[in-house]
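> Sequence first, then the predicted structure:
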Amino acid sequence: MTDPGPGLEAALALIADVPDFPEPGILFKDITPLLADHSALQAVVAAIAAAGRGADGRPVVDKVLGMESRGFILGAPAALALGVGFVPVRKAGKLPRATYAVSYALEYGEATLEVHQDALRPGDRVLLVDDVLATGGTVKATVELAEKCGAEVHGVAVLMELGFLPGRETVGAVPVTALLTV
Ligand SMILES: O=P(O)(O)OC[C@H]1O[C@H](OP(=O)(O)OP(=O)(O)O)[C@H](O)[C@@H]1O
Ligand SMILES: Nc1ncnc2[nH]cnc12
């Protein structure tokens with residue numbers, strides 16, 4: 001876990017716990033109070049973008065990939081902060097041109113993710129951005145999609161990791177930066 005400075009710590013404290021959503025037994029982590037606070041959003045986006053920088057502070061990635069839909073909210077501003085483009089990884093049937101697709105299991109349910117086949121160039125280095133790493137199914141599927149495009153996954157940055165689920169093991173060798181582990 002990254003050491004949170006005071007601004008980041010205050011931002012992460014805004015995440016709300018909602019028991020039994022979207023189904024009994026799930027403790028849902030609601031990031032909307034954090035998103036609604038400008039300073040908190042700014043601190044979190046800067047910390048996520050830092051995962052795409054080298055030791056000298058310069059960007060080391062060519063693109064940021066964000067997973068629908070909460071990964072869009074954090075990934076697009078992180079791409080802007082890094083000065084690189086953003087690639088949406090969407091749920092099935094939303095992208096209009098030729099796609100690669102991968103199906104996966106969620107903490108609650110199942111889904112298929114897709115990316116446009118020409119969204120990345122072979123050899124592109126990419127940073128994956130999402131709000132929550134839970135079972136790791138979403139990240140694993142996105143790594144597979146990036147690799148189908150010929151890209152190299154530099155790492156994954158998430159706001160929050162659910163430490164009681166085996167997300168990191170599922171993701172495997174790809175480096176994971178989590179601003180908070182619960
Ligand atoms: O590690 P996993 O078990 O795969 O779970 C994490 C994913 O679950 C949530 O997305 P969800 O599919 O609920 O979509 P949403 O962002 O549109 O709410 C979350 O935003 C992550 O993308
Ligand atoms: N418990 C949880 N809270 C919020 N988003 C999630 N995505 C998967 N599991 C989640």
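Yep, it's here. Ligands and ions are numbered 1, 2, ... in the order given.
> For the spatially most central residue of the chain, which non-adjacent residue is closest in space?
Taking C-alpha atoms, centre = their mean, the centroid of the chain lies closest to Asp130, which sits 1.9 Å from it. Leaving out its chain neighbours, the residue that sits closest to Asp130 by C-beta to C-beta, 6 or more residues apart in numbering is Gly71, at 4.0 Å. C-beta coordinates here come from the backbone N, C-alpha and C atoms, glycine included.
> The strand or helix carrying the one you found vs ligand 1: in contact?
In this assignment (DSSP states H and E), Gly71 forms part of helix 70-82. Yes - against ligand 1, helix 70-82 shows contacts by C-beta under 6 Å from any ligand atom at Arg70, Gly71.
> OK, contacts around His116?
Val87, Leu95, Arg97, Ala98, Thr99 (C-beta atoms under 8 Å, 6 or more residues apart in numbering).
> So it versus ligand 1, what's the distance?
19 Å (C-beta to the nearest ligand atom, to the nearest Å).
> And Val174, by the same measure?
Distance, Val174 to ligand 1, using C-beta to the nearest ligand atom: 13 Å.
> buried sites along stretch 52-70?
Gly52, Pro59, Val60, Val61, Asp62, Lys63, Val64, Leu65, Gly66, Met67, Glu68, Arg70 (16 or more other C-beta atoms under 10 Å).
> Would you point out the most distant pair within the residues you listed?
The two members of the buried residues of stretch 52-70 with the most space between them (C-beta to C-beta) are Val60 and Glu68, at 25.0 Å.
> Tabulate the buried residues of stretch 52-70 (a markdown table), appending secondary structure and pLDDT.
Converted to a markdown table, the buried residues of stretch 52-70 look like this (DSSP: H, G, I helix; E, B strand; the rest coil; pLDDT from 0 to 100):
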| residue | secondary structure | pLDDT |
| --- | --- | --- |
| Gly52 | helix | 98 |
| Pro59 | strand | 98 |
| Val60 | coil | 98 |
| Val61 | coil | 98 |
| Asp62 | coil | 98 |
| Lys63 | strand | 98 |
| Val64 | strand | 99 |
| Leu65 | strand | 99 |
| Gly66 | strand | 98 |
| Met67 | strand | 98 |
| Glu68 | coil | 98 |
| Arg70 | helix | 98 |
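> tell me, which of these make contact with ligand 2?
Among the buried residues of stretch 52-70, ligand 2 is touched by none when using C-beta under 6 Å from any ligand atom.
> wait, which of the residues you listed is closest to Val44?
Arg70 (11.9 Å).
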